[in-house]
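Asks: Need coordinates for the following:
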Amino acid sequence: MPRQYEAMRDKFAAGAPVDSPKYNAAQGKAARIYNSKHPDNPVTGRSEGKKKRSRSAKKRKSRPKKSEFDYMRRY
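Replies: Below is the predicted model of the structure:
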């Protein structure tokens, strides 16, 4: 994470525990401010090594399309 973002987050959290709602709110506030000032390098929840899902993985999870004759298969 960028140092400027971490400094803002720590300032807004003011010693709150990591799992607390106050810390989560501080993260969101710091991310919104940082992203508005740095649109080309936004802070996201995605790690650097993580990649998008492949098309084949998306296709496997998709539901089959319904045809007009699906209602006949039930009987």
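Asks: Run through the chain and note the low-pLDDT ranges.
Replies: 46-75 (pLDDT under 70).
Asks: can you map out the helices along this structure?
Replies: Listed in chain order, the helices of the chain (DSSP state H) span 3-13, 21-37, 55-61, 70-73.
Asks: Mean neighbour count and distance to V43 added to those, as TSV?
Replies: To be clear about C-beta, it is placed using only N, CA and C from the backbone, and glycine gets the same treatment. Converted to TSV, the helices of the chain look like this (neighbours: other C-beta atoms under 10 Å; distance: least, C-beta to C-beta, whole Å):
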stretch	mean neighbour count	distance to V43
helix 3-13	15	5
helix 21-37	15	5
helix 55-61	8	26
helix 70-73	8	45
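Asks: Please name the nearest non-neighbouring residue to M8.
Replies: In space, M8 comes closest to A30 once its chain neighbours are excluded; the distance is 3.9 Å by C-beta to C-beta, 6 or more residues apart in numbering.
Asks: so that neighbour sits right up against P2, yeah?
Replies: No - between A30 and P2 there is no contact under C-beta atoms under 8 Å: 10.1 Å.
Asks: shared neighbours, these two?
Replies: Any residue near both A30 and P2 by C-beta atoms under 8 Å, 6 or more residues apart in numbering counts here, and that gives V43.
Asks: which stretch among the helices of the chain comes nearest G45?
Replies: The minimum distance between G45 and the helices of the chain falls on helix 21-37, with 9.0 Å, by C-beta to C-beta.
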